[in-house]
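In: Using only what follows, build the 3D model:
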Amino acid sequence: MARYTGPTTKIARKFGEAIYGADKSFEKRNYPPGQHGNNRRRGKKSEYAVQLQEKQKAKYTYGILERQFRGLFKKASASRGITGEVLLQLCEGRLDNVVFRLGIAPTRNAARQLVSHRHITVNGEFVNVPSYALKAGDVVAVREKSKSLEAIENSLANTSNVFEWLTWNSATLEGTYVSAPERLQIPENIKEQLIVELYSK
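Out: Residues are numbered from 1 along each chain as shown. Down below sits the predicted model:
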């Protein structure tokens, strides 16, 4: 099985933060999972362990597999700019992430499903590839037949996120990927420099 489909709270507890969003179960037990729970003594982590954990956190946060993530890193390394920042921009520019950021879906997993099931269009064309890389000016919209879906309506009603690098038209249910976000505009708590150091070894 390639993609993780188990309990998300367990993963959040592993990293010590709610990487999948608000989670009541995580708030009750925000210590690492395991037989001995909070009583287990953990020695100081090595530099490699800290770097690996940060990479794993980024992969789980965006729902990206190792091969894809390494490919994004190579692309970021070959680009101009700070490698770590470009890496996060590439992750943010994925279609499933933008659908999530626009509030069309409550989670990235739900966004991936909407894209895969052809509920989303890019510039008027159906795109069912969650990893599709958006370019500045691309218009992401809910297809006409899917606008009345209860899941989409509920998600839009419960979202209040506004990102400067995206615009949203609630009347037509379409948003524009204005530009790649600056690092300060990305809310994820990821130390991208540790990932760069890990892959650079």
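
In: In contact with the residue nearest to Asn154 when sequence neighbours are not counted, which residues?
Out: Using Cβ to Cβ, 6 or more residues apart in numbering and skipping residues adjacent in sequence, the residue nearest Asn154 is Pro106, 7.7 Å away. C-beta: built from backbone N, CA, C; applies to glycine. Applying Cβ atoms under 8 Å, 6 or more residues apart in numbering, we find Pro106 in contact with Gly21, Phe100, Asn154, Ser155, Asn158, Thr159.

In: Am I right that Leu194 is in a strand?
Out: No. Counting by DSSP: H, G, I helix; E, B strand; the rest coil, one finds Leu194 to be helix, located in no strand.

In: who's in contact with it?
Out: Val50, Gln51, Glu54, Lys55.

In: if we go to 6 Å?
Out: Gln51, Glu54 (Cβ atoms under 6 Å, 6 or more residues apart in numbering).

In: pLDDT score for it?
Out: The score at Leu194 is 96. That number is its pLDDT.

In: Would you tell me which one of the contacts of Pro106 comes nearest to Lys59?
Out: Phe100 (15.8 Å; Cβ to Cβ).

In: Now name the helix or strand holding that closest one.
Out: Secondary-structure element containing Phe100, defined by DSSP states H and E: helix 95-101.

In: Could you pull up the mean pLDDT of the next helix or strand after that helix?
Out: With elements assigned by DSSP H and E, the helix or strand that comes after helix 95-101 is helix 108-116. Taken as a whole, helix 108-116 has an average pLDDT of 95.

In: List the buried residues in helix 108-116.
Out: Arg108, Asn109, Ala110, Ala111, Arg112, Gln113, Leu114, Val115 (16 or more other Cβ atoms under 10 Å).
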